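1. Pasting the sequence and the predicted model now:
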Amino acid sequence: MTDVLSLAGVTVQFATDGLTEASPAVAEFSLTVAQGEIFGIVGESGSGKSTIANAIMGLLPLSCEVSGSIKFKDHDMLALNEDGLRRLRGNDVAMIFQDASASLDPTWSVGDQIAETIRAHNRISRAAARTRAVSLMTEVGIPDAASRYADAPHRLSGGMRQRIVIAAALANNPLLLIADEPTTALDVTIQAQVLDLIQQLRTRHGTTVVLITHDLGVIAQICDRVGVMHGGRLLEVAPVAELFANPQHPYTRALLAAHPAGTPRGKRLPVIPSEWSVKTLRAREVDVVEVVAPK
């Protein structure tokens with residue numbers, strides 16, 4: 001099966017004041033995602049999940065140093081200039097951001113923002129783009145979408161704004177969809193609709209999806225494979241069923257044990273020690289990342 005996304009040794013280092021030596025936000029991240037696969041990335045807040053997503057999209061600040069290799073199909077994402085990235089973003093590669101308020105222009109109607117995404121990459125009339133935008137708004141659960149088309153973002157609830165962001169990301173049927181916490185602020189019914197939409201996109205168009213979340217339930221429901229991150233490193237990659245049934249890495253086992261669903265009623269919920277550090281070991285000519293508790 002053809003790989004749509006390939007990352008090799010990706011390291012992301014944010015600029016510091018020069019007085020202190022900071023650890024990289026992401027270190028030696030390597031991963032391949034096959035065409036039509038839904039790959040989940042799970043981990044604690046601050047583990048580097050969103051940073052790697054922004055690195056793929058070329059959305060990190062200029063003060064940030066990104067090394068390694070990021071390839072989408074035949075495109076070297078780190079070698080593309082801004083014009084090259086702009087042609088890909090929103091068309092072949094799209095992203096659902098977790099902060100819908102920051103993703104939407106407060107001076108434009110929500111419908112026009114979706115329609116503009118369509119017209120930016122397609123020769124299509126305003127009327128046709130509007131029709132497509134209304135259809136997408138209906139798909140993601142916006143009630144009476146035609147009448148809400150002209151609403152400004154502040155007139156919608158947080159959950160409704162998130163659905164608008166999702167509709168814009170799906171507008172051009174992207175080959176690769178990066179979904180960064182796509183179900184944030186959504187109730188369980190709409191969350192199920194959104195996940196079903198993502199699955200339909202894969203089924204109908206062969207869309208490859210990288211799903212970033214901290215919700216193990218979402219991972220179990222929708223993903224084919226999953227990668228576990230901690231401290232900016234990818235610790236374990238496995239098929240979803242295998243990861244839940246037989247986690248290999250100590251951190252993965254601790255993460256699963258800390259889930260409330262696995263703790264008997266009346267017993268204290270296990271906690272992952274905050275003092276744990278990430279240690280890189282070499283074994284069998286392969287880099288192995290292990291979480292170890294300090295002595």
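-> The structure has been received and is ready for your questions.
2. for the protein, longest helix please?
-> Scanning the chain for the longest helix, with DSSP state H as the assignment, gives helix 188-205.
3. who does it touch, helix- and strand-wise?
-> In terms of contact count using 3 or more Cβ pairs under 8 Å, 6 or more residues apart in numbering; DSSP states H and E, helix 188-205 is assigned the packing partners strand 38-43, helix 158-170, strand 176-180, strand 208-213, helix 216-222. In short, each C-beta sits where N, CA and C put it, glycine included.
4. nearest to Ile272, of those?
-> Proximity to Ile272 (Cβ to Cβ) singles out strand 38-43 among these, at 11.0 Å.
5. Measure how far that closest one is from the centre of its chain, please.
-> Centroid separation between strand 38-43 and its chain, computed with Cα atoms, centre = their mean, to the nearest Å, is 8 Å.
6. Contacts for it, please.
-> 31, 33, 49, 52, 198-199, 202, 208-216, 218-219, 222-230, 240, 255 (Cβ atoms under 8 Å, 6 or more residues apart in numbering).
7. Neighbouring strands - and their directions - for that strand?
-> Sheet pairing of strand 38-43 (DSSP bridges) gives strand 208-213 (parallel), strand 225-230 (parallel).
8. Asp99: neighbouring residues, count only.
-> 16 (other Cβ atoms under 10 Å).
9. mind checking pLDDT for the spatially closest residue to Leu88 that is not a sequence neighbour?
-> Leaving aside its chain neighbours, Leu88 sits nearest to His75 (6.6 Å; criterion: Cβ to Cβ, 6 or more residues apart in numbering). We have a pLDDT of 94 for His75.
10. What lies in contact with stretch 228-242?
-> Stretch 228-242 has contacts (Cβ under 8 Å, 6+ apart) with 12, 23-31, 40-44, 47-49, 51-52, 219-220, 223-227, 243, 247-249, 251-252, 255, 277-278, 280, 289-291.
11. now with 6 Å?
-> For stretch 228-242, the surrounding residues in contact (Cβ atoms under 6 Å, 6 or more residues apart in numbering) are 24-27, 29, 42-43, 47-49, 223, 225-227, 248-249, 251-252, 278, 289.
12. ok, residues contacting stretch 156-170?
-> With Cβ under 6 Å, 6+ apart as the test, stretch 156-170 has contacts from 94, 96, 100, 103, 110, 114, 117, 136-137, 140-142, 153, 185-186.
13. Kindly supply the ChimeraX command isolating those of those that are buried.
-> To isolate the buried members of the contacts of stretch 156-170 in ChimeraX, using 16 or more other Cβ atoms under 10 Å:
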select :94,96,100,103,110,114,117,136,137,140,141,142,153,185,186
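14. From the contacts of stretch 156-170, which land in strands?
-> Members of those lying in strands (criterion: DSSP state E): Ala94, Ile96.
15. If we only consider the contacts of stretch 156-170, which is nearest to Pro61?
-> Distance to Pro61 across the contacts of stretch 156-170 (Cβ to Cβ) is lowest for Ser103, with 16.9 Å.
16. How about the closest one: what's its closest non-neighbour residue?
-> Phe97 (4.5 Å).
17. Test my guess that that neighbour contacts Leu104.
-> No. At 9.6 Å, Phe97 and Leu104 do not qualify as touching, with contact defined as Cβ atoms under 6 Å.
18. which one of the two has more residues nearby?
-> Taking other Cβ under 10 Å, Phe97 and Leu104 do not tie; Phe97 has more neighbours (25 against 22).
19. gap between that one and Leu235?
-> Separation of Phe97 from Leu235 (Cβ to Cβ, to the nearest Å): 25 Å.
20. Okay, now the unreliable bits of the stretch 101-250 of the chain?
-> Applying pLDDT under 70 to the stretch 101-250 of the chain flags residues 185.
21. what's next to the strand ranked longest in the chain, contact-wise?
-> The longest strand of the chain (DSSP E) is strand 3-13. By Cβ under 6 Å, 6+ apart, the residues outside strand 3-13 that reach it are 24-35, 51, 55, 65-72, 176, 208.
22. Now the buried members of those.
-> Taking 16+ other Cβ under 10 Å as the criterion, what is buried in those is 24-29, 31, 33, 35, 51, 55, 66, 68, 70-72, 176, 208.
23. Give me the subset of the residues you listed lying in strands.
-> Going by DSSP E, the strands hold 26-29, 31, 33, 66, 68, 70-72, 176, 208 from these.
24. For these, which two are the farthest from each other?
-> So, these by Cβ to Cβ: farthest apart are Ala27 and Thr208, at 24.4 Å.
25. Nothing else from me, thank you.
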